[in-house]
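Undergrad: Structure of the sequence below:
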Amino acid sequence: MKLLLAILAPIFLAGCSVVGQNNVESAPYTLIKSDEAKNIEVRNYDSMVLVSTSMSGNGGNSAFRKLFKYITGDNEGSTEISMTAPVFMDDKSAQRKGTEISMTAPVFMNESADTLLMSFVMPKEFTLETTPKPTNPDVKVSEVKDYKVAAIQFNGTLSDSNVEEYTDILNAWIVANGFTATSEAITAGYNGPLTIPIWRRNEVLIEIK
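TA: Numbers count the residues shown, from 1 in each chain. Next up is the predicted model:
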């Protein structure tokens with residue numbers, strides 16, 4: 001799977017504070033190499049279960065709503081799962097029957113067969129087999145294994161200029177350290193819109209070998 005972009009949706013991580021603290025679970029990974037001076041890490045995401053939907057039509061807002069409904073109960077399941085992160089839901093969402101799933105950072109978008117997809121990462125206790133089946137046919141479940149990336153962390157906003165600057169730094173570091181980039185850069189946001197920009201955690205990630 002070729003991941004192209006990860007974004008912060010408008011109400012994603014809504015429970016975080018203005019200084020960047022939140023209780024949202026992050027996708028786990030194995031740290032392979034760290035360059036603290038440049039805020040760069042080489043990571044391996046052993047397995048990530050993704051729940052995805054197309055961004056065609058109304059685009060990101062429509063896709064986000066479908067995925068948000070999925071994690072707040074619009075899925076097949078009979079077991080209540082404890083929430084590990086604050087998730088806002090309206091009254092209708094609260095009345096749905098099914099499994100409630102916590103939100104995990106970040107939110108990914110990827111391109112598959114020329115279709116732009118938005119994906120949520122499922123909490124680590126879920127496998128491809130145990131992830132509840134979506135009731136909406138537009139929502140699909142998939143798995144990414146052994147996803148090895150170089151990632152650079154920075155504060156501020158995910159503006160085009162910031163992304164371009166840190167992508168250049170990361171690409172130069174990859175070459176200097178003997179790795180080969182195998183994908184385009186993606187971006188990831190870990191904080192909500194109320195967080196002061198200087199406290200936001202942003203990342204650029206590039207798949208490597």
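Undergrad: Please settle this for me: is residue 48 part of a strand?
TA: Yes. According to DSSP: H, G, I helix; E, B strand; the rest coil, the state of residue 48 is that of a strand.
Undergrad: Pretty sure it sits against residue 142.
TA: No. Using CB atoms under 8 Å, residue 48 makes no contact with residue 142, being 9.2 Å away. All C-beta atoms are positioned from the backbone trio N, CA, C, and that covers glycine.
Undergrad: higher neighbour count, the two?
TA: Neighbours were counted for residue 48 and for residue 142 using other CB atoms under 10 Å; residue 48 has more, 22 against 16.
Undergrad: so where's this structure uncertain?
TA: Applying pLDDT under 70 to the chain flags residues 1-24, 57-61, 78-116, 192-193.
Undergrad: Which residue ranges of it form strands?
TA: Remark: strands assigned in the chain by DSSP state E are 3-7, 25-26, 30-35, 40-54, 104-105, 107-112, 115-121, 139-154, 186-189, 202-207.
Undergrad: Go through these and name the closest to residue 164.
TA: Taking CB to CB, strand 202-207 is the member of these nearest to residue 164, at 9.4 Å.
Undergrad: Just the C-alpha atoms of the closest one, please, in CSV.
TA: What follows is strand 202-207, C-alpha atoms only, in CSV (Å, rounded to 0.1, in the frame of the first residue of the first chain):
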residue,chain,number,x,y,z
ASN,A,202,3.6,17.2,13.1
GLU,A,203,5.6,14.7,11.1
VAL,A,204,6.8,14.0,7.6
LEU,A,205,7.3,10.3,6.9
ILE,A,206,8.9,8.5,3.9
GLU,A,207,8.9,4.8,3.4
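Undergrad: Now do the contacts for residue 136.
TA: 53, 66, 69, 70, 74 (CB atoms under 8 Å, 6 or more residues apart in numbering).
Undergrad: taking those residues one by one, which sit in helices?
TA: Cross-referencing those against helices under DSSP state H gives 66, 69, 70.
Undergrad: Counting neighbours, which of the residues you listed comes out on top?
TA: Counting by other CB under 10 Å, top hit in those: residue 70 with 24 neighbours.
Undergrad: Distance check, it against residue 63.
TA: 11 Å (CB to CB, to the nearest Å).
Undergrad: Residue 134 now?
TA: Distance from residue 134 to residue 63, by CB to CB: 13 Å.
Undergrad: Residue 45 too?
TA: 22 Å.
Undergrad: Of these two, give the one with the bigger neighbour count.
TA: residue 63 (25 against 17).
Undergrad: Once you drop chain neighbours, what's closest to the more buried one?
TA: Closest residue to residue 63 apart from its sequence neighbours, by CB to CB, 6 or more residues apart in numbering: residue 118 at 4.0 Å.
Undergrad: Residue 147 too?
TA: residue 45 (4.2 Å).
Undergrad: Identify each buried residue in stretch 135-143, please.
TA: The neighbour-count check on stretch 135-143 (16 or more other CB atoms under 10 Å) flags 139, 141, 142 as buried.
Undergrad: now do stretch 28-45
TA: 29, 39, 40, 41, 42, 43, 45.
Undergrad: Pick the one among those closest to residue 160.
TA: Checking the buried residues of stretch 28-45 one by one against residue 160 (CB to CB), the nearest turns out to be residue 39, at 19.9 Å.
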